[in-house]
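Only the shape, not the letters, is given here:
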């Protein structure tokens, strides 16, 4: 790639990204609106991590997975079981093993990645709608397993997890900014890691598998193994989001990983765009803002049940989703790419070498 | 086939030429018979294992890695028959060595000027060049080309013919090609197929003179030239 040709777009994107990063980094330090830092931005970071795992599989592996929310939740459930101690008279389900939270984190990440590898092993030989259905099955299995095996969760789930954070993190209830900065750091690390991985032999060959699995096989690659490992890596990423989530919300239950939860994560990824990893956080941000403000948006004299849209939140999200997808099938990042390409049309071709081609799910 | 042999597979559409390629490469399981490579029965081996034994092929429909650059596509072709598919780190010295080979392979098929272009943005003729570069880059022992001249201009076909004639004599070449100028110049032996069966085998001059071949495939005009 000729770096001179693409410098303006890359430079502009880096300026925007750096500006956004500086803004969210100084937000709590400047004492700006705490609701935004602890609700909007923090949820954007952690759901963005989960959405990044989905977009990684889609953009670079050509696999749209509906199991990412389940893996996200599984990591949270493991933390809940291992780290919490349970109190006298407590009603929270779970094993309450009372392990050191740092050890619990390591075990949760390893176990979730292993479960992801098993999921990947089963799904790797399928493609398209069949892959989608198999991963949806994983999601449903996870939801009902957590709900029906009451020893580890039950439908009421595990609560009070925020009180069992590692010593190096401290009390996130008394000092929520610590969790904020941790989530921000993990989100940046995940972004950098994925951008790095896709340039390695593993990442490049995964993109080859996305484009032409038959060809890759005839070149000497084990397509199923590549897909399985990609799924394992995506599970690893999702597990980080799940751990941050349970420290933030304090609880985890099958309701967090059921079908609506699965669809919400897919909606975030699609809004951001399934073709670029940056879309994960952009989509999560848009979704969380809509979720927080549309739900409570009220027009005096025109409200149902106290708010303008009453119980129709999902309808509104659906309409916004449809508008974005119809206007730009590649989501907001795709719209951005198209806009920049249009502006620079006379200077050169619109696609860069390091941006993945739209996968089958886009 | 003998090592280093140049063989053209001819026949009308539907004769089974590409199916034969798919069976040899491992993309399709044979309903009967077996496939041997270098004296080893590989009938049950997957295509990736056959590639690692030294078999490279191109496809009739190019089947290229449309979202990757030309350089990355050829790089993956070289990496495919080596260790390190799953390496999640960049090793600058090792990767640069492979990329240097990729650039050299691109140079052999005159596609160097497109190294940084995404394959999906190239023309049909350029796709053929990339496919050939990918096949050559893996340094195969057996090279199977499925209609490599299809869609190429006259000048590009001449370039392709010269390239195939200049191939290392140790490489065994099997060629499916409808362009008789290319096929009969490159091949030392020709196999004529019809409706899934071999009907004639011989040297290019024997094939040119064969009445059945004229009836089924070449037509009467070709022999008069």
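That came through fine. This structure is a prediction, so every number in the text was calculated from the model and none was measured.

Next one: the residue of chain B found nearest chain A from residue A:236, what distance?
The minimum distance from chain B to chain A, using Cβ to the nearest Cβ, falls at residue B:67 (2.9 Å). Any C-beta I mention is one placed from the backbone N, CA and C, and that applies to glycine too. According to Cβ to Cβ, to the nearest Å, residue B:67 and residue A:236 sit 24 Å apart.

Which of these two has more residues huddled nearby?
Counted by other Cβ atoms under 10 Å in any protein chain shown, residue B:67 and residue A:236 do not tie: residue B:67 has more neighbours, with 26 against 21.

ok, residue B:3 touching residue B:172?
Yes. With contact defined as Cβ atoms under 8 Å, residue B:3 reaches residue B:172; the gap is 5.7 Å.

Of those two, give the one with the bigger neighbour count.
Per other Cβ under 10 Å, whichever of residue B:3 and residue B:172 has more neighbours is residue B:172, with 22 against 11.

how about the residue of chain B most remote from its centre, what does it touch?
Most distant from the centre of chain B: residue B:89, at 31.5 Å, with distances by Cα atoms, centre = their mean. Going by Cβ atoms under 8 Å, 6 or more residues apart in numbering or on different chains, residue B:89 touches residue A:200.

Could you do the one 5 residues further on as well?
With contacts defined as Cβ under 8 Å, 6+ apart, residue B:94 is in contact with residue B:84.

The same query, at a cut-off of 7 Å, please.
Shown in contact with residue B:94 (Cβ atoms under 7 Å, 6 or more residues apart in numbering or on different chains): no residues.

Can you check my assumption that it lies in a helix?
Yes. Membership of residue B:94 in a helix is supported by DSSP: H, G, I helix; E, B strand; the rest coil.

hmm, back to that, wait, the residue of chain B closest to chain A touches residue B:120, no?
Yes. Applying Cβ atoms under 7 Å, one finds residue B:67 in contact with residue B:120, separated by 6.3 Å.

give me the number of residues near residue 168?
Using chain A here. Residue A:168: 9 neighbours (other Cβ under 10 Å).

looking at chain B here, not the other one
12.

and what of the one 10 residues further on?
Here the count is done by other Cβ under 10 Å, and residue B:178 has 15 residues near it.

so it, which of the three states?
Under three-state DSSP, residue B:178 comes out as coil.

Tell me who's in contact with it.
residue B:147.

And the pLDDT at it?
On the pLDDT scale, residue B:178 is placed at 87.

Can you tell me how far it is from residue A:103?
For residue B:178, the distance to residue A:103 - Cβ to Cβ - is 66 Å.

what helix or strand does residue A:214 sit in?
In this structure, residue A:214 sits in helix A:213-218 according to DSSP states H and E.

What residues sit buried inside stretch B:148-168?
Across stretch B:148-168, burial judged by 16 or more other Cβ atoms under 10 Å in any protein chain shown covers B:148, B:149, B:150, B:152, B:156, B:157, B:160, B:161, B:163, B:164, B:167.

Would you agree the second one falls within a helix?
No. With the criterion set as three-state DSSP, the secondary structure at residue B:149 is coil rather than a helix.

surely it meets residue B:177?
Yes. Assessed by Cβ under 7 Å, residue B:149 is found in contact with residue B:177 at 5.8 Å.

What count of nearby residues applies to residue 144?
In the absence of a named chain, this looks at chain A. Neighbour tally, residue A:144, other Cβ under 10 Å: 13.

actually it's chain B I care about, not the one you picked
With other Cβ under 10 Å as criterion, residue B:144 counts 24.

Could you do residue A:120 as well?
Residues contacting residue A:120 under the criterion other Cβ under 10 Å number 28.

what's the answer for residue A:36, then?
Using other Cβ under 10 Å, residue A:36 is surrounded by 16 other residues.

Could you check how far it is from chain B?
For residue A:36, the distance to chain B (Cβ to the nearest Cβ, to the nearest Å) stands at 36 Å.

Which residue comes closest to that residue once chain neighbours are left out?
residue A:27 (7.0 Å; Cβ to Cβ, 6 or more residues apart in numbering or on different chains).
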